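**Q** Got a predicted structure plus its sequence, pasted below:
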Amino acid sequence: MACRHLIKDQLDITGARWGPDGAEVVLRLRALRSSGDFETYWAYHEARDYQRNHLTRYKNGILPETAEP
């Protein structure tokens, strides 16, 4: 039942075209949502994204103070 819910129902939509990479991403997100782990994953994802896209651009990973408007 779980396999049908996660895989067949999503990937067997008439007219849908799924490549291996896109299908894997969708299936992983559906599995996280179905297991109730999505919120934990998303918090981790946002923290890693913030570190990768913001903190790594500053010396010692410290953001500069912002000026008051």
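**A** Okay, I see it.

**Q** going forward, measure contacts and count neighbours with C-alpha atoms only.
**A** OK.

**Q** Please enumerate the helices of the protein.
**A** All helices of the chain, identified by DSSP state H, fall at 2-3, 9-11, 20-35, 38-53.

**Q** Low-confidence ranges, this structure, go.
**A** Along the chain, the parts satisfying pLDDT under 70 run over 1-16, 61, 69.

**Q** let's go with 50 and repeat that
**A** 1 (pLDDT under 50).

**Q** still on that earlier bit, could you export the helices of the chain as a markdown table, including mean neighbour count and distance to A67?
**A** Converted to a markdown table, the helices of the chain look like this (neighbours: other C-alpha atoms under 10 Å; distance: least, C-alpha to C-alpha, whole Å):
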| stretch | mean neighbour count | distance to A67 |
| --- | --- | --- |
| helix 2-3 | 9 | 52 |
| helix 9-11 | 13 | 48 |
| helix 20-35 | 13 | 39 |
| helix 38-53 | 12 | 21 |
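
**Q** can I get the ones you listed in CSV with distance to T66?
**A** Formatted as CSV, the entries for the helices of the chain read as follows, by distance: least, C-alpha to C-alpha, whole Å:
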stretch, distance to T66
helix 2-3, 49
helix 9-11, 46
helix 20-35, 36
helix 38-53, 17
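
**Q** Out of those, the one nearest L63 is which?
**A** Across those, L63 has its closest neighbour in helix 38-53 (10.7 Å, C-alpha to C-alpha).

**Q** Please name the nearest non-neighbouring residue to I62.
**A** What sits nearest to I62 in space, not counting adjacent residues and going by C-alpha to C-alpha, 6 or more residues apart in numbering, is L55, at 6.4 Å.

**Q** didn't the one you found look like it was pressed against L63?
**A** Yes. Under the criterion of C-alpha atoms under 8 Å, L55 makes contact with L63 at 6.6 Å.
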